[in-house]
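K.L.:
Pasting a predicted model and its sequence here:
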Amino acid sequence: MNYLEITLFIVAVVGVVGLGIWKSRGEDTSGEGGADDYFLAGRGLTWWLVGFSLIAANISTEQFVGMSGSSADWLGMAIASYEWMAAVTLVVVAFWFLPKFLKAGLYTIPEFLQYRFDGVARLAMAIPAIVTLVFVTTSSVIYSGAKFVSEYYNEVPVLNSLTAMCWLIAAVAAIYVFIGGLKACAWTDLIWGAALIIGGAIVMYFAFETLTDRSPEELILTKVANSDATAADLEGAGAWERLKLLNDGVNGEAGVRNGPNGSGGKMHMVRPKEDSDIPWTALLIGLWIPNFFYWGLNQYIVQRTLGSKSVAEGQKGIVFAAALKLVVPFIVVIPGILAFNLFSKDLHESSVGKNVAAVEKATDAQVFSVDHKFVELQPELAATVLAKNKTAAGAGATIESEELTEQINGLATIAVSSGKSVVELNSYDYDSAFPVLVRNLIKPNPLISWFVLAALCGAVISSLASMLNSASTIATMDLYSKFSGVTHPPTLVKVGRGFVVIFVLLAALVAPSLDNFGSIFAYIQEFQGFISPGILAVFIFGFFSPRTPRYFGAVGIATNIIAYGAFKWLVGPWLVSNGWWYSGEIAFLDRMAICFFIVLLVGAILTLVNPLSKPVEMPVNDKIELTTSKGARAMGIVVVLVTIGLYIAFW
């Protein structure tokens with residue numbers, strides 16, 4: 001262990017957290033304005049605090065671990081759509097969503113549903129929001145932060161324990177938000193947001209430097225199957241050209257293909273419609289749904305914009321964050337692609353132990369699915385897995401194929417039909433892509449590594465603090481205050497702090513189990529499918545249809561949950577099995593789009609059949625300046641144009 005690195009790292013993290021708590025000391029949480037001060041930073045955040053806070057809250061190790069892992073796998077640049085589409089989404093949120101929310105003087109997003117629809121709709125959004133924040137978002141960030149630290153210090157006792165790191169990170173974050181509230185989060189986000197961008201750029205620089213120095217003979221082994229590049233082509237090529245040769249071909253001939261990692265090019269945004277994660281069909285509608293929900297209706301993100309001192313300040317901050325989102329794929333996604341080119345052996349070694357442990361602790365109710373490379377890299381374990389799947393599928397079960405991979409997976413499919421659950425075994429641990437990059441490239445340089453490590457870990461703590469603050473805000477305002485009738489601000493602050501403790505304990509218990517999921521990023525997005533399409537559709541009616549009946553709020557949200565579950569487990573598999581879908585499964589983004597339109601249809605029918613006799617009137621907050629920023633509007637147009645240009649360049 002390098003003691004200089006550890007000392008500088010601890011000083012940086014403690015110093016920035018201390019700065020946030022110190023900056024929040026002026027907030028009087030024991031007075032009549034205590035709820036505003038604790039939950040919304042006194043409604044006084046300026047544009048630069050809003051902008052950096054949005055970025056730091058969003059870009060945590062959840063992105064660095066999950067998104068870089070997805071790009072190291074077959075998705076490549078396609079995963080960048082979550083970032084570049086978000087830039088356009090943020091511009092819309094700034095001029096469409098934000099003015100409506102600030103005008104109503106909201107504490108929480110579910111509160112809007114109370115005013116526009118009814119209390120049932122508010123609860124229908126609030127309860128799933130808390131569950132999602134605690135058991136999905138917060139737990140996944142704890143996991144990804146612990147994953148990074150445990151991979152980075154993979155030879156240091158305690159620090160290399162995923163479970164121990166989950167609890168340590170959770171404890172630090174809980175103390176931080178318990179004391180400082182949203183204002184402390186905003187000020188630390190200012191530091192961590194800037195540090196994350198710089199730290200990511202440092203990792204990208206070292207990755208390209210290593211790519212330049214690596215031998216062509218070694219690199220050529222990691223090229224995609226449809227690239228015509230040779231070792232001779234790589235010999236005199238620069239860093240960017242080597243990246244293109246390995247992942248896009250000599251003349252761009254390595255187009256995307258639907259298949260395992262390495263079968264097709266990774267430098268393109270648009271993937272085949274059969275793709276299981278981001279088919280091109282999802283770019284039309286499906287991907288916009290989680291984007292608009294996340295940036296416009298997700299309490300964890302929107303809470304810092306609700307704390308803006310004016311509409312103009314909030315709009316400038318949001319557009320600033322949109323511009324920064326355009327940079328993120330260059331410091332997260334591209335390094336993920338490079339991680340496989342440079343350190344595929346490390347990614348495999350990281351998966352070996354996990355696979356062996358998964359097989360050893362498997363119960364009789366579990367079977368295994370594998371990828372093609374697994375059979376080649378772990379043949380003995382593959383033979384063991386085949387035998388276990390044969391037993392689980394039954395004595396008479398057979399798969400007519402010479403390929404061991406197809407036999408294993410075919411038997412697993414048979415066993416699943418009889419109630420068995422599936423455990424995935426992968427040839428590479430893609431979620432370790434960014435930690436492996438940092439460990440190999442940055443760790444040998446302690447005068448730099450402390451900064452990168454502090455930026456990433458600080459972002460985890462800051463993101464967790466923001467999430468816990470948001471979850472406690474919803475629980476306090478939408479549940480406790482609503483049912484108890486208590487509105488005394490100091491009491492609400494005490495209750496909010498109590499919820500922080502409860503929620504962090506629950507999230508820390510769940511976090512270590514996420515190590516069993518193939519991709520943490522896919523895990524987060526899949527679970528959002530039960531919530532985001534319905535809520536987005538309901539808000540569209542809430543914004544633009546004042547005569548839609550009030551009960552549609554709850555009906556729309558419930559309809560989406562039922563429809564998404566049906567298409568995931570019943571209708572979807574039935575359509576695929578009958579050959580009525582264009583691919584082997586319905587991608588979760590396509591399921592989102594289908595459910596979104598179902599809820600819109602239900603809303604339209606109810607509005608036509610049973611419209612309100614009198615349009616709904618929303619409350620008006622006259623204590624905030626509601627004038628739109630012309631400068632932010634101009635910069636928003638620039639952001640949209642640059643996004644279009646990036647899509648053209650990486651089409």
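P.N.:
Yep, it's here. Given the structure is predicted, the values throughout are model-derived calculations rather than measurements.
K.L.:
Provide a list of residues in contact with residue 311.
P.N.:
98-99, 102, 624-629 (CB atoms under 8 Å, 6 or more residues apart in numbering). Using the backbone N, CA and C atoms, a C-beta is placed for each residue, glycine as well.
K.L.:
and with 10 Å instead?
P.N.:
Counting by CB atoms under 10 Å, 6 or more residues apart in numbering, residue 311 makes contact with 94-95, 98-99, 101-103, 305, 624-629, 632.
K.L.:
Same check on residue 503?
P.N.:
Applying CB under 10 Å, 6+ apart, the residues near residue 503 are 130, 133-135, 138-139, 170, 174, 177, 467-472, 475.
K.L.:
before we move on, back to that, so which of the contacts of residue 311 wins on neighbours?
P.N.:
Using other CB atoms under 10 Å as the neighbour test, these are led by residue 94, with 29 neighbours.
K.L.:
Distance-wise, check that one relative to residue 305.
P.N.:
Distance of residue 94 to residue 305, given as CB to CB, to the nearest Å: 8 Å.
K.L.:
nearest spatial neighbour of residue 80, skipping sequence neighbours?
P.N.:
Leaving aside its chain neighbours, residue 80 sits nearest to residue 329 (3.7 Å; criterion: CB to CB, 6 or more residues apart in numbering).
K.L.:
so which strand or helix has that neighbour?
P.N.:
helix 328-331 (DSSP states H and E).
K.L.:
Provide the contact partners of that helix at residue level.
P.N.:
55, 58-59, 63-64, 67-68, 71, 77, 79-84, 86-87, 196-205, 269, 335-336, 646, 650.
K.L.:
May I see the buried residues of it?
P.N.:
328-329, 331 (16 or more other CB atoms under 10 Å).
K.L.:
and what of stretch 505-518?
P.N.:
506-508, 510-512, 514-515, 517-518.
K.L.:
Make TSV out of these and add pLDDT and distance to residue 431.
P.N.:
Listed next are these as TSV, based on pLDDT from 0 to 100; distance: CB to CB, whole Å:
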residue	pLDDT	distance to residue 431
506	93	22
507	91	18
508	92	19
510	86	17
511	87	13
512	85	14
514	76	10
515	70	9
517	57	9
518	50	8
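K.L.:
so can I have a markdown table of these showing secondary structure and distance to residue 191?
P.N.:
What follows is the buried residues of stretch 505-518, written out as a markdown table (DSSP: H, G, I helix; E, B strand; the rest coil; distance: CB to CB, whole Å):
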| residue | secondary structure | distance to residue 191 |
| --- | --- | --- |
| 506 | helix | 28 |
| 507 | helix | 24 |
| 508 | helix | 25 |
| 510 | helix | 29 |
| 511 | helix | 25 |
| 512 | helix | 29 |
| 514 | helix | 28 |
| 515 | helix | 30 |
| 517 | coil | 31 |
| 518 | coil | 34 |
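K.L.:
filter the contacts of helix 328-331 to the buried ones?
P.N.:
Applying 16+ other CB under 10 Å to the contacts of helix 328-331 flags 55, 58-59, 63-64, 67-68, 71, 77, 79-84, 86-87, 196-197, 199-200, 202-204, 269, 335-336, 646, 650 as buried.
K.L.:
picking that back up, which ones among the contacts of helix 328-331 are found in helices?
P.N.:
Here DSSP state H is the test, and those give 55, 58, 68, 71, 81-84, 86-87, 196-205, 335-336, 646 as lying in helices.
K.L.:
okay, how far is it across stretch 259-270, tip to tip?
P.N.:
End-to-end distance for stretch 259-270: 15 Å, by CA to CA, to the nearest Å.
K.L.:
now the helices for the stretch 101-250 of the chain?
P.N.:
109-116, 119-132, 139-152, 162-213, 216-219, 231-235, 239-248 (DSSP state H, counting those that start in this stretch).
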